[in-house]
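Trainee: got a structure for you, letters missing:
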């Protein structure tokens, strides 16, 4: 493996027995706080809310760092589903009649023309 990667064998074993860096230790301590906040939020907070809560506690870190730590540890927030309101009924107005009678498989070409209305959020 060392030959393929182009590194000395002694360098590999030195790396293997080396103590964790200061950044790795700081990331581990920060990850413990992130995990605690994430669990307290019932696993709903994303990186932005976790970062805001960390700042509220006096721990100021960048959003990218929180995103990276949450991503590498498999933590993600959950957003509520946004539902669009597609039909707004007006009292007293009758809907258009169903001329096709829900049969969208005509017996021959050019007998039935239909279109699709896609709901666009405003």
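Mentor: Okay, I see it. What you see is a predicted model, and the numbers here were worked out from it, not measured in a lab.

Trainee: who touches the residue of the chain most remote from its centre in this structure?
Mentor: Outermost residue of the chain with respect to the C-alpha centroid, by CA atoms, centre = their mean, is residue 108; its distance is 46.2 Å. Contacts for residue 108 (CB atoms under 8 Å, 6 or more residues apart in numbering) come out as none. Quick note: C-beta positions are derived from backbone N, CA and C, even for glycine.

Trainee: can you pull the pLDDT of it?
Mentor: On pLDDT, residue 108 comes in at 89.

Trainee: What of residue 120?
Mentor: At residue 120, the model reports a pLDDT of 59.

Trainee: Check residue 1 too.
Mentor: 85.

Trainee: Pull the contacting residues for it.
Mentor: Contacts of residue 1 (CB under 8 Å, 6+ apart): residue 12.

Trainee: again with residue 104
Mentor: 112, 114.

Trainee: 7 Å instead?
Mentor: residue 114 (CB atoms under 7 Å, 6 or more residues apart in numbering).

Trainee: any idea how far it is from residue 112?
Mentor: 7 Å (CB to CB, to the nearest Å).

Trainee: Please name every helix or strand in contact with the lengthiest helix in the chain.
Mentor: The single longest helix within the chain, with elements called by DSSP state H, is helix 22-40. Under the contact criterion of 3 or more CB pairs under 7 Å, 6 or more residues apart in numbering; DSSP states H and E, helix 22-40 touches helix 47-56, helix 63-72.

Trainee: Could you list the residues in contact with the first one?
Mentor: This points to helix 47-56. Contacts to helix 47-56, defined as CB under 7 Å, 6+ apart, come from residues 33, 34, 37, 38, 61, 63, 66, 67, 70, 77.

Trainee: Tell me how far the second one lies from residue 81.
Mentor: So the one you mean is residue 34. From residue 34 to residue 81 the distance is 25 Å (CB to CB).
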